[in-house]
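Undergrad: how would this look folded up:
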Amino acid sequence: MVRALTIVLLLFLSITADAQTYRYNLKFTVVQRNFVDTIPIEFDNDQLFLPVEVDGQRYRFKLDTGSAMACVYDDSPIRNLREIGRIQSIDATGARQSVKVVGFPTLRIGHRLTLKGYTACVHRRMVRRNREDGIIGFDLFNKGLAAKIDIRRGIMIITDQKHIFQQEYGEVLTYQLRHFTPIVRVSPIVGEEETVLFDTGCREIYAMNKRQFDTYERYYDMSDLVEGRGRGSRAIGHFGAEHHSEIVLLALPRLRLNRFELRDIHCQTFQGHSYLGASLLRYGVMVINPFRKYLLFHPYDHRNYCIVSNPQLEIAIVPTRDGRPCIGIVWERSDAYRQGFRAGDIIEKVDDVQVTDFHSFMRRSYIYDRIYKFTLRDTRGRTKDIYSTMPLLKRR
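TA: This next block holds a predicted model:
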């Protein structure tokens, strides 16, 4: 995943005695004034990408509304990044580290939108996919830019004019900023609401915080909604996988966004904040209005519901603390479970070739329907061989 990758910035937390403390700010400059621009976008593998130009070179940045500010990776090909300090960053799993902050030279998004003084956190790349060179965060909107995202047309209309989207209609989700990212209210079960992060950095349409699930379970019979349970981890943040805990696999009859319903949703619990992910954009246009602090969701087919019927998570592969690929969780009703994959198994070889670390395992080019020999070591230290297709490819 991942990820879901939420960057939480703590305003007044000291970093180190010998490093300059950097605090979240919106001091970057939008060169254009009183403008409307149409930016081409890509929706690839349930992630949203923008064309970004730095020093005349074109890059591909993910738009991540769950990230408070921009991010680049420590293997970034972008040159002339200027180090300006350090900041405390908390990723989607709750892990916290001090990371570098760098300043971009002049950065251009799309055809016209130009930013000066734009800054970004520097993170290690946990999973290499989608030709992703960096992240644009929600600070772009907190600066005072409104946007309309339409993946069917492949465009994002962005503007600093307050009234451009006033005539748009749909479901209004008023948001509050928590750690500078947008939090809205949804209803996952009848009669109850919860706060969720609108997080386009996550591919899945919805995930529920485990503590929130535990609260529901104290007051309601949730057995009809539970497809499975297990101990393990599935989410990967900037600093590694979430800690091992119980994961509940859920089948929700509906998820209500005001009057609009997403029906037949399969999802999971995890340790981070509940979220609405980028897959929501498959079903309608999204307007982000920072002037009145709301999201406006307009379904493509103009109905008050849509049928999602997404597949349940079958398997998750995550890095261990020492960087090895590990089976994080396996659904007991999945093909992967029947083939012998179990939570906690370490992947040591693929086709008798030693797997050195999680990154090399994930970067290998896998063919969708090819059978591979996976050599695994279980939690008791015993090895086993499983002949299977690459199980992660089933969800892509």
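Undergrad: what's the top strand by length along the chain packed up against?
TA: The residue-count maximum for a strand in the chain (DSSP state E) belongs to strand 245-257. Where contact means 3 or more CB pairs under 8 Å, 6 or more residues apart in numbering; DSSP states H and E, strand 245-257 is packed against strand 181-186, strand 206-209, helix 210-219, strand 226-232, strand 260-270. Bear in mind the C-beta positions are built from the backbone N, C-alpha and C, glycine included.
Undergrad: sheet partners, orientation included, of the second one?
TA: Strands adjacent to strand 206-209 in the sheet, as given by DSSP bridges, are strand 260-270 (parallel), strand 275-276 (antiparallel).
Undergrad: run through who's touching it.
TA: For strand 206-209, contacts defined as CB atoms under 8 Å, 6 or more residues apart in numbering pick out 4, 186, 188, 194, 196, 235, 250, 252, 255, 262, 265, 267-277.
Undergrad: what do you get for the first one?
TA: Where contact means CB under 8 Å, 6+ apart, the residues beyond strand 181-186 that reach it are 6, 8, 65-68, 138, 173-177, 193-199, 206, 255-257, 276, 288, 293, 295.
Undergrad: also the fourth one?
TA: Contact with strand 226-232 is made by 244-251, 266, 312, 316, 327-333, 343-344, as judged by CB under 8 Å, 6+ apart.
Undergrad: again, only this time at 7 Å
TA: Here strand 226-232 makes contact (CB atoms under 7 Å, 6 or more residues apart in numbering) with 244-251, 312, 328-329, 331-333, 343.
Undergrad: spatially, which two of these are the most separated?
TA: Comparing every pair within the contacts of strand 226-232 by CB to CB identifies His244 and Ala251 as the most remote, at 23.4 Å.
Undergrad: low-confidence stretches in the protein?
TA: 1-20, 89-96, 126-130, 236-242, 393-396 (pLDDT under 70).
Undergrad: all helices of it, in order?
TA: Under the criterion DSSP state H, the chain contains helices at 139-142, 210-219, 335-339, 358-363.
Undergrad: and the closest residue to Gly228 other than its chain neighbours, how far from Ala336?
TA: Excluding the flanking residues, the one nearest Gly228 by CB to CB, 6 or more residues apart in numbering is Leu249, at 4.1 Å. In this structure, Leu249 and Ala336 are 13 Å apart, going by CB to CB, to the nearest Å.
Undergrad: show me which of these two is the more surrounded one.
TA: Neighbour tally, Leu249 and Ala336, criterion other CB atoms under 10 Å: the higher count belongs to Leu249, 23 against 20.
Undergrad: please look at the more buried one and Trp331 and confirm they touch.
TA: Yes. Judged on CB atoms under 7 Å, Leu249 makes contact with Trp331 at a distance of 6.0 Å.
Undergrad: picking up where we left off before, what's the closest of the contacts of strand 226-232 to Asp224?
TA: Ala251 (8.4 Å).
Undergrad: excluding its backbone neighbours, what's nearest Asn80?
TA: In space, Asn80 is closest to Pro105, 5.0 Å off (CB to CB, 6+ apart).
Undergrad: what of Leu376?
TA: Going by CB to CB, 6+ apart, Leu376 has Asp345 as its nearest residue, at 4.2 Å.
Undergrad: same question, Ile205
TA: Ser279 (3.9 Å).
Undergrad: same question for Ile317.
TA: Ile317 sits nearest to Pro325 (CB to CB, 6+ apart), 5.6 Å away.
Undergrad: on that earlier part again, which residues touch the residue nearest to Gly228?
TA: So Leu249 contacts Glu227, Gly228, Gln268, Gln312, Leu313, Trp331 (CB under 7 Å, 6+ apart).
Undergrad: how many neighbouring residues does the last one have?
TA: Trp331 has 20 neighbouring residues, counting by other CB under 10 Å.
Undergrad: report the separation between it and Cys202.
TA: 19 Å.
Undergrad: same question, Phe35
TA: Relative to Cys202, and taking CB to CB, Phe35 is found at 30 Å.
Undergrad: ok, the contacts of strand 226-232 vs Arg382, which is closest?
TA: Ala343 (14.9 Å).
Undergrad: residues near the closest one, how many?
TA: 21.
Undergrad: give the contact list for it.
TA: Counted by CB under 7 Å, 6+ apart, Ala343 has contacts Gly230, Arg231, Gly232, Ile327, Gly328, Ile329, Val330.
Undergrad: excluding chain neighbours, what is closest to it?
TA: Gly232 (4.0 Å).
Undergrad: what's the burial count for that neighbour?
TA: Gly232 has 21 nearby residues by other CB under 10 Å.
Undergrad: repeat for Ile265
TA: 21.
Undergrad: for Thr215, same thing?
TA: When counting by other CB under 10 Å, one arrives at 13 neighbours for Thr215.
Undergrad: thank you, goodbye.
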